[in-house]
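>>> Just the structure for this:
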Amino acid sequence: MSLDADQIVERRRLRRKVTFWRTLGVLAAVGALAVAVSTFAGNTLSPSTPHVARVVIGGVIRNDRERVKMLDEIADSRAAAVILSIDSPGGTVTGAEQLYDALQRLAKKKPVVAVVEGLAASGGYIAAIGADHIVARRNALVGSVGVIFQFPNVYELLKSVGIAVEDIKSSPLKAAPNGYTPTSPEARAAIDALVVDTYAWFKALVGDRRKLTDAQLATVADGRVFTGHQGLGLQLVDELGDETTARAWLAREKGVSEDLKVRTWRTGQRSSEFGWLSGAVGGIAGALGFPQLAAILSQATGAALERAQLDGLLALWHPQINR
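Here you go, the predicted model:
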C-alpha cells in the first residue's frame, strides 16, 4: 500500500524534528563535557608545581578538620603564596579560632593575603586577620567584631497551652538556660560571663593583628559592619581591590611572580553530613517536574540544616539580629 502525498510530507517533517532534537541533545552533551573538562583542567595543576594557592572561605564557619589538614598540606606544597577568597558571615567561635590558628601556621611558611569578595564579618573577619595583608572590594562588608549567644525561649507559649516542662538536675545552673523555663538572673549572668570572656579574646586579637589603639579598637568593636572603603580608614583592611590587587601586592612585597598560575585547593568534602537531605528534597521536587522549586527547596533546606548545626557561642553576623 502506497502513502499519499500528505502522509509523506508529514513523515518527512517528523523525521526533521527528530533529527533536530537529537543534534541539539548531542551538542548540549558535548558542551557540558567541554565545560566539565575545562573546569577539571583548570585545577589539575600539581601541588608539586610552583603555583599560587587559592583557598575559598565561604558560608558559615565551623570546626573543619579536613580544611585544617588541607592548609597544612599547602604549607608543605610548592605553593609560593596563598590567596584567601573570603565571603562569610562568620560562624562558631571555636570554628573561627581553629581556622585562624591553622592560617597562622600557614603564614609562617607562605605569604598569605586575604581578599574579601563580599563579606568578612565576625568569624569571617577572624579568618581575614589570619592573613598578612587584607584586600577588600570597595563595597564589601567587614568587621562585626562581637559575640552572640542566642537561644529561643518558649516558656510563655507552653504556658498558654497548659504545658509545663519539668526537670530534675544536680545544680541550678545545669543545662541553663533551657528555653522551657524563665531564664534566672544567675543563668543569665553565667552566659554573660562566657560572652564577655570570648568578646575580650576577639577584641584583643583584632587589636593586636591590626595594630589598633584602644580608641581605634573601641570604634570598630561595637558589633557593626563597615564597607571596605570605611574599613580602610579604620585600619580593618589594608587595600581596596580584588584578586588582581592581591597578586600585585604579592609580587611587590613578597617577590611572588604574577606569571605563576593559581590552583584552587579544595577539601573534597561537600558541606555537612546532612547534605543528602538537602539533595533529596530538591530531587523529589525535580522528579515531579518542578526544577525551579527544586532549587529553592535545596537551598532553603541546606540553609536550615546549616543553622541547626551551629551550637554554642557564635561569632556570626546577621542583619536581622543587628537591626
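
>>> Going by C-alpha atoms from here, please, whenever you check contacts or count neighbours.
Fine.

>>> Please, which helix or strand holds the residue nearest to residue 155 when sequence neighbours are not counted?
Leaving out its chain neighbours, the residue that sits closest to residue 155 by C-alpha to C-alpha, 6 or more residues apart in numbering is residue 180, at 4.8 Å. Under the criterion DSSP states H and E, no helix or strand holds residue 180.

>>> Look up how far residue 157 lies from residue 180.
9 Å (C-alpha to C-alpha, to the nearest Å).

>>> Comparing the two, which shows the higher neighbour count?
residue 180 (20 against 11; other C-alpha atoms under 10 Å).

>>> Is it correct that the more buried one is in contact with residue 153?
Yes: the pair residue 180 / residue 153 is scored as a contact, 6.1 Å apart, by C-alpha atoms under 8 Å.

>>> how about the strands in the protein?
51-61, 79-92, 112-121, 133-136, 141-143, 225-227, 239-240, 262-265, 314-316 (DSSP state E).

>>> Make TSV out of the ones you listed and add mean pLDDT.
Formatted as TSV, these follow (pLDDT from 0 to 100):
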stretch	mean pLDDT
strand 51-61	96
strand 79-92	97
strand 112-121	97
strand 133-136	98
strand 141-143	97
strand 225-227	97
strand 239-240	98
strand 262-265	96
strand 314-316	66
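
>>> Quick one: closest of the ones you listed to residue 200.
strand 314-316 (12.4 Å; C-alpha to C-alpha).

>>> Low-confidence regions, this protein specifically.
Applying pLDDT under 70 to the chain flags residues 1-12, 14, 16-44, 269-312, 315-323.

>>> all helices for it, in order.
5-41, 65-75, 93-107, 123-128, 155-160, 185-210, 214-220, 228-233, 243-254, 275-287, 291-308 (DSSP state H).

>>> what's the span of stretch 210-227, first residue to last?
Terminal-residue distance, stretch 210-227 (C-alpha to C-alpha): 17 Å.

>>> quick one: contacts of it?
121, 129, 138-146, 203, 206-207, 234-236, 322 (C-alpha atoms under 8 Å, 6 or more residues apart in numbering).

>>> Using PyMOL, define a selection of the buried residues within those.
The buried subset of the contacts of stretch 210-227, as determined by 16 or more other C-alpha atoms under 10 Å, is captured in PyMOL by this line:
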select buried, resi 121+129+138+139+140+141+142+143+144+145+146+203+206+207+234+235+236
